[in-house]
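Give me the fold of what follows.
(chains A, B, C, D, E and F)
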Protein chains: 6
Amino acid sequence: MSGLTHFDGDGRARMVDVSGKVASERVAIARGFVAVPEKVLARIEASGKGEPIAVAELAGIMGAKRTGELIPLCHPLGLDAVSVSISPGDGGLTVEAEVRTTGRTGVEMEAMTAVSIACLTLYDMLKAAARGITIERIELVEKRGGKSGTWRRE
Amino acid sequence: MSGLTHFDGDGRARMVDVSGKVASERVAIARGFVAVPEKVLARIEASGKGEPIAVAELAGIMGAKRTGELIPLCHPLGLDAVSVSISPGDGGLTVEAEVRTTGRTGVEMEAMTAVSIACLTLYDMLKAAARGITIERIELVEKRGGKSGTWRRE
Amino acid sequence: MSGLTHFDGDGRARMVDVSGKVASERVAIARGFVAVPEKVLARIEASGKGEPIAVAELAGIMGAKRTGELIPLCHPLGLDAVSVSISPGDGGLTVEAEVRTTGRTGVEMEAMTAVSIACLTLYDMLKAAARGITIERIELVEKRGGKSGTWRRE
Amino acid sequence: MSGLTHFDGDGRARMVDVSGKVASERVAIARGFVAVPEKVLARIEASGKGEPIAVAELAGIMGAKRTGELIPLCHPLGLDAVSVSISPGDGGLTVEAEVRTTGRTGVEMEAMTAVSIACLTLYDMLKAAARGITIERIELVEKRGGKSGTWRRE
Amino acid sequence: MSGLTHFDGDGRARMVDVSGKVASERVAIARGFVAVPEKVLARIEASGKGEPIAVAELAGIMGAKRTGELIPLCHPLGLDAVSVSISPGDGGLTVEAEVRTTGRTGVEMEAMTAVSIACLTLYDMLKAAARGITIERIELVEKRGGKSGTWRRE
Amino acid sequence: MSGLTHFDGDGRARMVDVSGKVASERVAIARGFVAVPEKVLARIEASGKGEPIAVAELAGIMGAKRTGELIPLCHPLGLDAVSVSISPGDGGLTVEAEVRTTGRTGVEMEAMTAVSIACLTLYDMLKAAARGITIERIELVEKRGGKSGTWRRE
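Sure thing, here's the model as predicted:
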């Protein structure tokens, strides 16, 4: 399928060959949003940083490390840094993850996975208090390093 | 924190005790949406069912089985059935997952995780063809079984 | 695809629904063979039970427990017993694994996986001493329990 | 080896067969202690419940769920409840874990693993502040349920 | 045990020390064969590339990434590329896997594991349609890079 | 929290950024002790190296490879060598693990984890023969390489 680099000429899925690439420092930042009713949000904010937030940040960090196992065609790779921060805001919780590596391939999927697992963890802890909450939007914010250089969401 | 069942009176996170619950048949259905530019979508549809779709459906099924490892306070549990189906539609791809178990706790998180991993996998395979695509909305559609009975998103 | 129970009417892969099945005791026995040059085989036998054999038996037992993660459409399930025994014989090492569960689905894949991982582990430890050795044959020997009853290889 | 139930008559390791046992409710409580210099301990207590404590409690809960993967001859099994609590005290931090299941085998190893992973996580976070700290003592406190009944450390 | 590099002078298993080796590009190709009755094979070929084949190829790729977890004495390492291709042929399905890395140790076990997991996955999907099918032969085809240079099966 | 490098200025847990560090050879040695009644110890020693010892050594090696998954803020990294040796002695079994890597961060946690998992595995296999045995002390013995240089327990 033309343009889909994970498939060869016969349409067969494969892990893209990065052996010819140069190892370099790479960074990716992703972001997500979980819509939460004001009443529940107030309760989380009242507890300061809040336990559900700390639990979900940690789950996101740990999730980033499992990316290669979860996403079939992702390269398994070492990570230099992972941080996840969750902020209560207008109508919900914003999750942001930043991942760094020194390698032959980027960490876009690691940042996206960190955000997804953190969102799922928030959902899990809040679902009894707020039925029907929604994970709204998970997206890349920025990507630096490697041959394609810097990309920033406008 | 009142109303947040995953935390005890001291605000300490814990896996909720389900030993007193009765094992029963439980079902959960979740749904997600990945926004994809029409040009890329057309290319996927042209290939019939499409390889990226088959890869992502499988990743979602496998992801459901890892829920207990990824979501800190989820119970590890056996699953009776998992299915994930992805359909191209207006402006993107809709992912739907259904999970069943016979157990003391539901499979809401397993269905949500299946959808999330399938969405991430689609994102991974399409990101070179369509920079900046977004996972828009991951949500529960339906939940049946257990003490709280049936819930359906309106 | 007719006759292939892991695919629905649209050819979509899924984990088969076993929620309607009755939980019962199930057993599966599988077997494999790794061809090893006599010289290397003699060295293993000289050491009594032999360390490579003990390591591979253990790897097989641990591998059985990962079946649900490795085989995409397998059900994750608890196991009641796993044993793996490796015997030096004519021209190589015979691996046999027996797995038991009390559940809604059988443990055929767990026994096959235990044998495969034990064979791979033998290969790993012997490959420096005997280049080009081959895993010859991995097959089910017997299966008991469940609706389809007992099956034995003739 | 007589008295060692994990080995058969030939000295071969195996997962003990529990298929003949009755599924029942089982509980295990384990405890550990990490010796920490007073200066570092004071810093942790000053922050109230303290972030390192919350992180380690969560790591312990998640570690309990991986017991079957880590301990070669342990049965993989579902868990009904896991809680880990860490208290600063005289000369260090006391970790206590309680695990429950309804099954054919106990959760003694799950409780011991939860404590071990929580202790390792405390060590990891404190090692830069306090070189050479020691995990002192990991032990079972209590075990209830199953054929052997209740056991309590004196 | 002389000649068995995974064991020290006391017969104790260990992960061989590769810290003194130079990181270099390494490739390994392995192959396997699953014997399948003509009737079932025809059904797979009729569906073009065939769903079971796509599922098993993906399982093989994902399996390669788990090699370090499954094979006790294997080094955990990053991978540069993994591809698995399955071809229907005379009397069955041939599986071939190619794995690349840039590292201090080769990827022979990763290629062998990819083939094994792909064969097991084919077996899993075909077992209901063809009882008693056999995985016949899993072997290394070629190995390039590192101190020992190129090896090719004759 | 000052002095706790795993937490940022807001008290948020994160994986410390090592992207600015130089990759170098690093070694860590850790040690643990499991107290075992003389009667049981004699039985283990009578069997020569002893099966429980071989099983626990292997579990320790495999455990070292899972460190990044188990300890929330640890970096996932490749390992160059892992060895675990268990010796019967006065009043119990001493476990020692040595781990090597070439990387941007050390392997102190990998050595500590290897010892912990080996101790837990010994406990698991001996618990039926010797109720109430205790894991006494898990500690770092030595650490070499990296910016902080060599550290040895006095």
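
all contacts plus neighbour counts: C-alpha atoms, from now on.
Will do.

ranges for the strands of chain A?
Using DSSP state E, the strands found in chain A span residues A:24-35, A:81-89, A:92-103, A:134-144, A:151-152.

between those strands, which one is nearest to residue D:138?
strand A:81-89 (30.7 Å; CA to CA).

before we move on, the earlier item: out of the strands of chain A, nearest to residue D:80?
strand A:134-144 (26.9 Å).

Other residues contacting that closest one?
For strand A:134-144, the surrounding residues in contact (CA atoms under 8 Å, 6 or more residues apart in numbering or on different chains) are A:26-36, A:108, A:111-112, A:115-116, A:119-120, A:123, A:149-153, B:132-140.

Going through those residues, which ones are buried?
Neighbour-count burial within the contacts of strand A:134-144 applies to A:26-36, A:108, A:111-112, A:115-116, A:119-120, A:123, B:132-140; the criterion is 16 or more other CA atoms under 10 Å in any protein chain shown.

Sketch out the low-pLDDT regions of chain A for me.
Within chain A, the ranges that satisfy pLDDT under 70 run A:1-3, A:47-50.

in it, which helix has the most residues?
Counting residues, the longest helix found in chain A (DSSP state H) is helix A:108-126.

hmm, that one touching chain F?
No. Helix A:108-126 does not reach chain F (CA under 8 Å from any CA of the partner chain); its nearest approach is 12.1 Å.

Return the distance of that helix from the chain's centre.
With CA atoms, centre = their mean, to the nearest Å as the basis, helix A:108-126 stands 6 Å off its chain's centre.

quick one: is stretch A:16-33 near chain E?
Yes. Judged by CA under 8 Å from any CA, stretch A:16-33 comes into contact with chain E through A:16-19.

near chain B too, which of these?
Near chain B, taking CA under 8 Å from any CA as the test, no member of the residues of stretch A:16-33 next to chain E is found.

any chance of these in TSV, with neighbour count and distance to residue E:98 too?
Listed next are the residues of stretch A:16-33 next to chain E as TSV, based on neighbours: other CA atoms under 10 Å in any protein chain shown; distance: CA to CA, whole Å:
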residue	neighbour count	distance to residue E:98
A:16	18	12
A:17	19	11
A:18	18	14
A:19	17	13
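
Please identify which of these is nearest to residue B:101.
residue A:16 (36.2 Å).

Just to check, that closest one is in contact with residue A:6?
Yes. Look at residue A:16 against residue A:6 with CA atoms under 8 Å: they come within range, at 6.0 Å.

what sits in contact with each of these two?
Here residue A:16 and residue A:6 share the contacting residues residue A:73, scored by CA under 8 Å, 6+ apart.

Tell me the residues on chain A that lie near chain F, please.
Taking CA under 8 Å from any CA as the contact definition, chain A meets chain F at A:25, A:54, A:57-58, A:61-62, A:65-66, A:77-85, A:100-102.

near chain B, from these?
The subset of the residues of chain A next to chain F within reach of chain B, by CA under 8 Å from any CA, is residue A:62.

For chain D, see how far away residue A:153 is.
Note on residue A:153: its distance to chain D, by CA to the nearest CA, to the nearest Å, is 33 Å.
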